[in-house]
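Engineer: starting from these lines, generate the structure:
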Amino acid sequence: MADNWQTYPVEFRGGLVTNLSPIQQGINLPGSARQLRNFEPSVEGGYRRISGFTKYDDNTVTGTGLVRGVMYYNNKVLAVRSNASIGEGELYESAGGGWTRKSTDAIRFSSGSNKIRFKKYNFSGAEKVIMVDGVVKPIIYNGTAVSQLSSLSSDYVGGNHLEVFKDHIFMATDYNVFFSAPFSDTDWSSASGGGVITFSDQITGLKIFRDQLYVFTKRQIHRIVGNTVSDFQRIPVSLDLGCIEEDTIQEIAGDVVFMGPDGLRLLSGTERIGDVGLGAITKPIQSEATSFQTRNNTFTSLVIRNKTQYRIFGYKSGDPVGQAQGLIGVQFASQGGDNMAWAETRGIKAYVSYSEYSESQEILLFANENGYVYELESGITFDGAAIDASFFTPYLPINDPTIRKTLYAVHSYIDPDGSFNTSLTLNYDFNGQNIVQPDPISLSNTLDVEIGGRVAGTYGVATYATYSGETVTSGFIYGDAVRLTLREQVTGSGFVVSLEYISSGSTQPFTLDALAIEYATNSRR
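Structural biologist: The predicted structure follows:
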């Protein structure tokens, strides 16, 4: 015989966790997720359905095949794509209304699919961009015309990575890091203050961190300290751990993320001056991280700074867009990987990507083989395609996994950006055979919602509204978003239960904050 009803609340936090057994996860981390796809752990709490992406320019970048590089410069977007006739890479520029060729017949990038990497710098009052592709000598764009450092010797062919450090341009080839003379992009001679530092392993990236230049190789990490050619020196950080994948290195919230052989790691500052820590951060999702790393051919990454969020995208040639994989990592503490929460993305196919703050505006770009450049965090769809998002709680024992519970109602606490819809399904007893599962329940905010003392029939994108007294008769109300509590009657019983929220279609983003289950405990048998 059932006892009195009780309430079991769960705060959503912790992100995706897959390295625990189902019962361990349900007991120890009830607010985490056993599936979190196209939802992101929010720095404001809960799990938010991600925003979409839209085309930056409705025209494709001229050319064929992969967009091999993309960046934001001088209030425009630069992109490189291969010339359809000769296969060599061409530089194009767009302000959103079509692409203009900037490269010349004499100055082009190599043929093939090598990624183009960019770096902005300003040595003389005018910002420029230097570009490398792993084959040709560096190319410079000043906003008007391109030029090439053709006078450099053949040693400078094959630059892959760029950084500007201590007023020098640093360029890495496979095994060498060359640096220019101070405040110069054309003079790389040793007589003027240029030079080269040689490494024994293939270089996979450069990154400035704590006023030092870190050089990542396949198996090692070094840092370059000093100010000029007279005192630049190389100091090893790790001789048995490196970055195995280029374009995964990003700084986020005082740490540097990179892909090591066992997943993503952090290069973190410590309390000791000049010291760093190297910690693995994908242990909670180790199986997903390993699968993601082995399944994809190449990777690209960016940071969303206002969310302290790291995103890495896998690219596999020939994959349908809907199968394109990605990982989201959100940093919830100033430093260290213990407070990183994870989620997955599906449907963002990125071969190259770019992010920066520009005049208080966050620029987030990516591109692939279809020729379009997209803006991330824009719109409520994936360029018109539905965003399929899902969040599954752990299997919750609700205090005691050995006693059957009967569930009567579920309260879902939701913070919507606008009108939304999702479904809720209860999954009892690990979805075992012969377990009867209830039908999904539809949740939406197309309900009467009180906003600022007035009632709106539907809460969505705000427009001007008309009133009859204090009641809205048409339109919507401007104002703060409404936090909803949706109570739904449910059926079924079991020893453990997982609640599954699934959202698809063109719905506004919303955040799942928490839930509360009304239940009764059955007698022990």
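
Engineer: low-scoring stretches of the stretch 51-200 of the chain, by residue?
Structural biologist: Low-confidence segments of the stretch 51-200 of the chain (pLDDT under 70): none present.

Engineer: show me the strands in it, by range?
Structural biologist: Taking DSSP state E, counting those that start in this stretch, the strands of the stretch 51-200 of the chain run over residues 53-55, 64-73, 76-82, 88-94, 100-101, 109-111, 117-121, 128-132, 139-141, 146-148, 161-165, 168-172, 176-179, 195-198.

Engineer: can you name the residues in contact with the fourth one?
Structural biologist: This means strand 88-94. 56-57, 59, 61-63, 68, 76-83, 99-103, 108-111, 116, 131, 133, 139, 141, 146, 373 (Cβ atoms under 8 Å, 6 or more residues apart in numbering). C-beta here means a position set from N, CA and C on the backbone, and glycine is covered the same way.

Engineer: what about the spatially most central residue of the chain, which SS state?
Structural biologist: Nearest to the mean C-alpha position of the chain, by Cα atoms, centre = their mean, lies R311 at 1.8 Å. Here R311 is recorded as strand under DSSP: H, G, I helix; E, B strand; the rest coil.

Engineer: thought it was touching T345?
Structural biologist: Yes: using Cβ atoms under 8 Å as the test, R311 is close enough to T345 to be in contact (7.3 Å).

Engineer: who touches both of those two?
Structural biologist: Going by Cβ under 8 Å, 6+ apart, residues that sit against R311 and also against T345 are 326-328.

Engineer: those in strands, which ones?
Structural biologist: In strands, judged by DSSP state E, the following of the shared contacts of R311 and T345 are found: 326-328.

Engineer: quick check, nearest of these to A520?
Structural biologist: I328 (37.7 Å; Cβ to Cβ).

Engineer: distance check, that closest one against A389.
Structural biologist: 12 Å (Cβ to Cβ, to the nearest Å).

Engineer: before we move on, what about V157?
Structural biologist: 46 Å.

Engineer: got it, and M131?
Structural biologist: From M131 to A389 the distance is 37 Å (Cβ to Cβ).

Engineer: now L302
Structural biologist: 20 Å.

Engineer: same drill for those two, tell me which one is more crowded.
Structural biologist: More crowded of L302 and A389, by other Cβ atoms under 10 Å: A389, with 27 against 23.

Engineer: any idea how far the residue lying closest to the more buried one once chain neighbours are set aside lies from A324?
Structural biologist: For A389, ignoring the flanking residues on the chain, the nearest one in space by Cβ to Cβ, 6 or more residues apart in numbering is N38 at 3.7 Å. As for N38, its distance to A324 is 12 Å (criterion: Cβ to Cβ).

Engineer: which neighbours do these two have in common?
Structural biologist: In contact with both N38 and A324: 346-347, using Cβ under 8 Å, 6+ apart.

Engineer: rewinding a little: what's the burial count for the residue nearest to A389?
Structural biologist: 23.

Engineer: E288 too?
Structural biologist: The burial count for E288: 18, using other Cβ under 10 Å.

Engineer: test my guess that it contacts L16.
Structural biologist: Yes: E288 is within contact range of L16, at 7.3 Å (criterion: Cβ under 8 Å).

Engineer: so what sits against both of these two?
Structural biologist: E344.

Engineer: can you give me the buried ones in the lengthiest helix in the chain?
Structural biologist: In the chain, with assignment by DSSP state H, the single longest helix is helix 286-295. By neighbour count on 16 or more other Cβ atoms under 10 Å, the buried set for helix 286-295 is 288-289, 292-293.

Engineer: alpha carbons only: can I get that helix in PDB?
Structural biologist: The C-alpha trace of helix 286-295 is given here as PDB (Å, rounded to 0.1, in the frame of the first residue of the first chain):
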ATOM      1  CA  GLN A 286      36.200   9.300 -22.200                       C
ATOM      2  CA  SER A 287      34.400   6.900 -24.500                       C
ATOM      3  CA  GLU A 288      32.800   9.700 -26.500                       C
ATOM      4  CA  ALA A 289      36.000  11.600 -26.700                       C
ATOM      5  CA  THR A 290      37.900   8.500 -27.900                       C
ATOM      6  CA  SER A 291      35.200   7.700 -30.500                       C
ATOM      7  CA  PHE A 292      35.100  11.400 -31.600                       C
ATOM      8  CA  GLN A 293      38.900  11.500 -31.900                       C
ATOM      9  CA  THR A 294      39.200   8.300 -34.000                       C
ATOM     10  CA  ARG A 295      36.200   8.700 -36.200                       C
END
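
Engineer: which elements pack onto it?
Structural biologist: strand 263-269, strand 325-331 (3 or more Cβ pairs under 8 Å, 6 or more residues apart in numbering; DSSP states H and E).

Engineer: what would the ones you listed look like in JSON lines with mean pLDDT?
Structural biologist: JSON lines is the format used below for those (pLDDT from 0 to 100):
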{"stretch": "strand 263-269", "mean pLDDT": "86"}
{"stretch": "strand 325-331", "mean pLDDT": "97"}
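
Engineer: in the sheet, who's paired with the closest residue in space to A280 that isn't next to it in sequence?
Structural biologist: Spatially, and ignoring its direct neighbours in sequence, A280 is nearest to R265 (5.4 Å; Cβ to Cβ, 6+ apart). Beta-bridge partners recorded for R265 (DSSP bridges): F258, A280.

Engineer: okay, now the sheet partners of the helix or strand just after the longest helix of the chain, with direction.
Structural biologist: Following helix 286-295 in sequence order, the next helix or strand is strand 298-304 (DSSP states H and E). In the sheet, strand 298-304 lines up against strand 309-315 (antiparallel) (DSSP bridges).

Engineer: ok, and the closest non-adjacent residue to L499?
Structural biologist: T393 (4.8 Å).

Engineer: try V157
Structural biologist: K137 (5.8 Å).

Engineer: what sits against that neighbour?
Structural biologist: Applying Cβ under 8 Å, 6+ apart, the residues contacting K137 are 148-150, 152, 156-157, 159.

Engineer: which two of those residues have the greatest separation?
Structural biologist: S150 and G159 (13.4 Å).

Engineer: any idea what M71 is bridged to?
Structural biologist: L78.

Engineer: again with T406
Structural biologist: Going by DSSP bridges, T406 forms beta bridges with S493, A520.

Engineer: just give the number of residues close to it.
Structural biologist: Counted with other Cβ under 10 Å, T406 comes out at 16.

Engineer: does it touch N522 like I think?
Structural biologist: Yes: using Cβ under 8 Å, T406 is in contact with N522, at 6.2 Å.

Engineer: what are the phi and psi angles of the closest residue to I235 other than its chain neighbours?
Structural biologist: Distance criterion Cβ to Cβ, 6+ apart; nearest residue to I235, sequence neighbours excluded, is R223 at 5.3 Å. The phi and psi values for R223, taken as degrees, to the nearest 10, are phi -130, psi 150.

Engineer: how about JSON lines for the buried residues of helix 286-295, with distance to F170 and pLDDT added?
Structural biologist: Listed next are the buried residues of helix 286-295 as JSON lines, based on distance: Cβ to Cβ, whole Å; pLDDT from 0 to 100:
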{"residue": "E288", "distance to F170": "35", "pLDDT": "94"}
{"residue": "A289", "distance to F170": "30", "pLDDT": "95"}
{"residue": "F292", "distance to F170": "30", "pLDDT": "97"}
{"residue": "Q293", "distance to F170": "28", "pLDDT": "96"}
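
Engineer: closest to Q437 among those residues?
Structural biologist: Nearest to Q437 among the buried residues of helix 286-295, with distances taken as Cβ to Cβ, is E288, at 25.2 Å.

Engineer: report the contact partners of the residue nearest to that closest one when sequence neighbours are not counted.
Structural biologist: Leaving out its chain neighbours, the residue that sits closest to E288 by Cβ to Cβ, 6+ apart is T18, at 5.9 Å. Contacts of T18 were listed using Cβ under 8 Å, 6+ apart, and they are 34, 284-288.
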